[in-house]
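Undergrad: Mind folding the following:
(2 chains)
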Amino acid sequence: VFSYNMVIDCFCKAKMMGKAMETLGVMAKRGIFPNLVTFNTLIAGYCKDRNVIKARAMVLVLFDHGFKPDVFTFSSIIDILCRVNQITDAFDCFLEMVEWGIKPNAITYNSLIRSLCISGNVIKAMKLLRKMQVDGIRPDVYTFNALIQNYCKVKKIDKAQRLLSSMLSLDLRPDNFTYAAFINSLCESGRFVEAKDLFNSMEENRCRPDAYTCNSFVDALVNSGRFEDAQDVWLKCKEKGIVLK
RNA sequence: GCUAUUUCGAU
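TA: Just a heads-up that it's a prediction; the model follows:
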């Protein structure tokens, strides 16, 4: 089963759902019983494909085989509902999950928080962050990045900075997603000096800038006519072996 | 040993 699951997962990740389902058929023919992971993988595949209908149908197939959905199943479904903007359904699903006695984890919360942020419901997103912590689930870097990215995008950088502090107090290390959000937002607000200071502090905070962060920073500097700074950053990246476009 | 979450569009 494990081997078949891996093959199915590869097809799913390559968005070859036909092949993935074919493989499920092959298993049946050879008398190999699929397990919960097999179905979760297929469900995640349909979700990646944005096919809510097929994903939901697959949950029924999961039941037909005598399995019960788990936190993976629910998280996949909740995430796809969020992505297709059916946030109400996503929350219904979340409640259903709890009724089933399945404990949501950080990943489950992250999908909901992220989609609340995207749909402009930051207040609700922050409330959910608090609820999550009350329920004893530790937020992770994804949780904070979703919120920080949102605050940075709407240029509420002070709010984002407050979140950064709580993140640090929880021993969570900001990553390139975090830094890029701040740097891009600071540049867009004309706060280039702060952007540069933050960029330069990355290494000492044990976060190696990646191509995305560097490219977008250099780009912002060039577009605002700050050629010297741009060259400076560009050279630093080159020194570190970061490949820029 | 197998499954789920973060960059809407910078380059």
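Undergrad: Show me the residue at the heart of chain A, geometrically.
TA: A:Tyr142 (5.9 Å; CA atoms, centre = their mean).
Undergrad: Find out how far the helix or strand harbouring it is from the centre of the chain, if you would.
TA: Using DSSP states H and E, A:Tyr142 sits within helix A:141-153. Remark: helix A:141-153 is offset 10 Å from the chain centroid, using CA atoms, centre = their mean, to the nearest Å.
Undergrad: nearest residue to the residue nearest to the centre of chain A other than its sequence neighbours?
TA: Excluding its sequence neighbours, the residue lying closest to A:Tyr142 (CB to CB, 6 or more residues apart in numbering) is A:Asn110, at 4.7 Å. C-beta: built from backbone N, CA, C; applies to glycine.
Undergrad: which residues touch the one you found?
TA: Neighbouring residues of A:Asn110 by CB atoms under 8 Å, 6 or more residues apart in numbering: A:140, A:142-143, A:146.
Undergrad: Please identify, among those residues, the one with the most neighbours.
TA: Ranked by neighbour count (other CB atoms under 10 Å), the contacts of A:Asn110 have A:Thr143 at the top, with 26 neighbours.
Undergrad: ok, that residue - contacts?
TA: A:Thr143 makes contacts with A:106, A:109-110, A:113, A:129, A:132, as judged by CB under 8 Å, 6+ apart.
Undergrad: and the helix or strand of chain A with the lowest mean pLDDT, what does it pack onto?
TA: Among the helices and strands of chain A, helix A:227-239 carries the lowest confidence by mean pLDDT, DSSP states H and E, at a mean of 91. With contacts taken as 3 or more CB pairs under 8 Å, 6 or more residues apart in numbering; DSSP states H and E, helix A:227-239 sits against helix A:192-201, helix A:211-223.
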